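In: fold the stuff below for me.
(one chain, ligands or ions: 6)
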Amino acid sequence: MITNKASTGSLSTLTTLFSASFVAALLSANIGMAAEPYDADKYGPQEPIIWTTPTKAIFSHSTHTMDAGLSCDNCHDDIFPMEKGGTAKNGDFTMKSFKEGKYCGTCHDGSTAFDSSTQCGSCHFAPDAPIVFTSPVKAVAFDHSIHVEKGKLACEACHKEVFVMKKGSIEGADQSAPADGDKRKYLEQIHNRYCGTCHDSSQAFGYLTRCTVCHIGVKGYDAMQSDSLKKDSDTGKKKH
Ligand code: HEC
Ligand code: HEC
Ligand code: HEC
Ligand code: HEC
Ligand code: HEC
Ligand code: HEC
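Out: Ligands and ions are numbered 1, 2, ... in the order given. Modelled structure (predicted):
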């Protein structure tokens, strides 16, 4: 009994110590305006909207309403339906439409808000797992984190011109050898078009110098597969 009372006492001391706004700040995902509970009628849904197809993208209501001062009817229902996934049903929820001034591109045109053909990383996510190409040769590994975190490259450095933001575009590209059968010229072409735009011995190590850094081979591929299996079960544990 006594211990019970003591613990209730210390609990109330704790709540006094941690002011209401501090507790609210802890509970609220919005660090900026934490004093009041989040008002979804005023600011829209608190949870960000995340689309996963054809690629992953994120939209936050609070940064648009609370921070940028927009009201619901700036977007609803002329630009977007008030239903997650509703826009995708039109079949043209794409970067091309944005460039033509639709959807996010209504404002993200470089004057009302930052241009949607810049800062891809504000709305998209780089994959955590390395991308492994298996065709025509097995296996070439590409790791986003080396390039984005260590190399400090912006997404646009690659995704505007060199690579489609979708796995498989290199493998799907025309890689047929030239008619004259010049193997060396052909290899130069294929490397220059992609990784070699930077791996030219000046911006990054040259592709002619260290083949096996990229070409990890069948053995490297197998090691990577069992590695990522391990990682998957690790994250599974962390989540719950
Ligand atoms: C800058 C544009 C913008 C503004 C401003 C905006 N919204 Fe939205 N809202 C969206 C987008 C984008 C979606 C998702 C539509 C989709 O997936 O097709 C959405 C979806 C919604 C949904 C559906 C969520 C769900 O899970 O289905 C609700 C509810 C909503 N908005 C309420 C509001 C309210 C309330 C306001 C004003 C306080 C507001 N929105 C302001 C862009 C906006
Ligand atoms: C009605 C105009 C409007 C529309 C439509 C709109 N935005 Fe924005 N957005 C803004 C404004 C204004 C800002 C703040 C100024 C800036 O960052 O350039 C902003 C900022 C942002 C930011 C930066 C937020 C931050 O501070 O980190 C992201 C990310 C973003 N918008 C994503 C989207 C996405 C995704 C869509 C489409 C689903 C969208 N926006 C549609 C007006 C709009
Ligand atoms: C203002 C936010 C925003 C910015 C900035 C942005 N995107 Fe998007 N992007 C979206 C949204 C929203 C979608 C549609 C929903 C989805 O695919 O998840 C989309 C879809 C896509 C798609 C699939 C559909 C299509 O158009 O083929 C690709 C690929 C893509 N973006 C690449 C990029 C690249 C590359 C950049 C930078 C040059 C970029 N995006 C910048 C919000 C943005
Ligand atoms: C140094 C070049 C480079 C940079 C920088 C880069 N990427 Fe990529 N990205 C690639 C390559 C290569 C692929 C695979 C393309 C292929 O398979 O043809 C890819 C694929 C992707 C995919 C598709 C993954 C899948 O499974 O379909 C997404 C999403 C993506 N990148 C997002 C990003 C984002 C977001 C950034 C910035 C934060 C970024 N990338 C920066 C080179 C880059
Ligand atoms: C936009 C420029 C750019 C493109 C395109 C690019 N890289 Fe890189 N890469 C870099 C930079 C910068 C570094 C870090 C500096 C260095 O190692 O020389 C790097 C580092 C690497 C490393 C690490 C090297 C090490 O010593 O650990 C590998 C592996 C790699 N890239 C593979 C690739 C592959 C595979 C592709 C094509 C799918 C590619 N890169 C495309 C710029 C690029
Ligand atoms: C910066 C990364 C990188 C380096 C370094 C690199 N390659 Fe590649 N290589 C690639 C990519 C990406 C592909 C295309 C995807 C695939 O084939 O899996 C490719 C494809 C190839 C192909 C297949 C072409 C075909 O159609 O048969 C050969 C052969 C090849 N490389 C040989 C080499 C040789 C030899 C070296 C060293 C002198 C080298 N590569 C260095 C990234 C690299």
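
In: which positions within stretch 73-87 qualify as buried?
Out: Neighbour-count burial for stretch 73-87, counted by 16 or more other C-beta atoms under 10 Å, picks out 75, 80, 87. In short, each C-beta sits where N, CA and C put it, glycine included.

In: what stretches of this structure score poorly on pLDDT?
Out: Applying pLDDT under 70 to the chain picks out residues 1-35, 231-240.

In: can you redo the buried residues of stretch 73-87 as JSON lines with secondary structure?
Out: Listed next are the buried residues of stretch 73-87 as JSON lines, based on DSSP: H, G, I helix; E, B strand; the rest coil:
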{"residue": "C75", "secondary structure": "coil"}
{"residue": "F80", "secondary structure": "coil"}
{"residue": "T87", "secondary structure": "helix"}
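
In: for those residues, which one is nearest ligand 5?
Out: T87 (31.4 Å; C-beta to the nearest ligand atom).

In: which residues of the protein lie near ligand 4?
Out: 55, 120-121, 124-127, 131, 142, 144, 147-148, 153, 155, 157-159, 163-170 (C-beta under 6 Å from any ligand atom).

In: picking that back up, will you turn the buried residues of stretch 73-87 into CSV that also has distance to G181?
Out: Converted to CSV, these look like this (distance: C-beta to C-beta, whole Å):
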residue, distance to G181
C75, 57
F80, 54
T87, 49
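
In: so which of the residues you listed are also by ligand 2?
Out: C75.

In: so for the protein, which residue is the most central one in space?
Out: F125 (0.5 Å; C-alpha atoms, centre = their mean).

In: in strands only, show me the residues of the chain next to ligand 4.
Out: Judged by DSSP state E, the subset of the residues of the chain next to ligand 4 located in strands is 131, 142.

In: rewinding a little: ok, now how distant is the residue nearest to the centre of the chain from L229?
Out: Remark: distance between F125 and L229 (C-beta to C-beta, to the nearest Å) = 22 Å.

In: kindly report the same for F114.
Out: 39 Å.

In: quick one: which of these two has more around it?
Out: F114 (13 against 10; other C-beta atoms under 10 Å).

In: in contact with that one: list those residues for me.
Out: Contact analysis of F114 by C-beta atoms under 8 Å, 6 or more residues apart in numbering lists 108, 122.

In: near ligand 3, which residues of this structure are found?
Out: Near ligand 3, when you scan the chain using C-beta under 6 Å from any ligand atom, you find 51, 54-57, 93-96, 104, 108, 116-117, 119-120, 122-124, 155-156, 159-160, 165-166.

In: name only those of the residues you listed that count as buried.
Out: Of the residues of the chain next to ligand 3, these count as buried by 16+ other C-beta under 10 Å: 51, 57, 93, 95, 104, 108, 116, 120, 123, 155, 159, 165.

In: quick one: the helices in this structure?
Out: Assigned by DSSP state H, the chain shows helices spanning 2-17, 20-27, 40-43, 61-62, 95-99, 120-123, 144-145, 155-159, 169-172, 183-193, 211-214, 217-239.

In: which residues touch the third one?
Out: If I follow you right, that is helix 40-43. 46, 61-62, 65-66.
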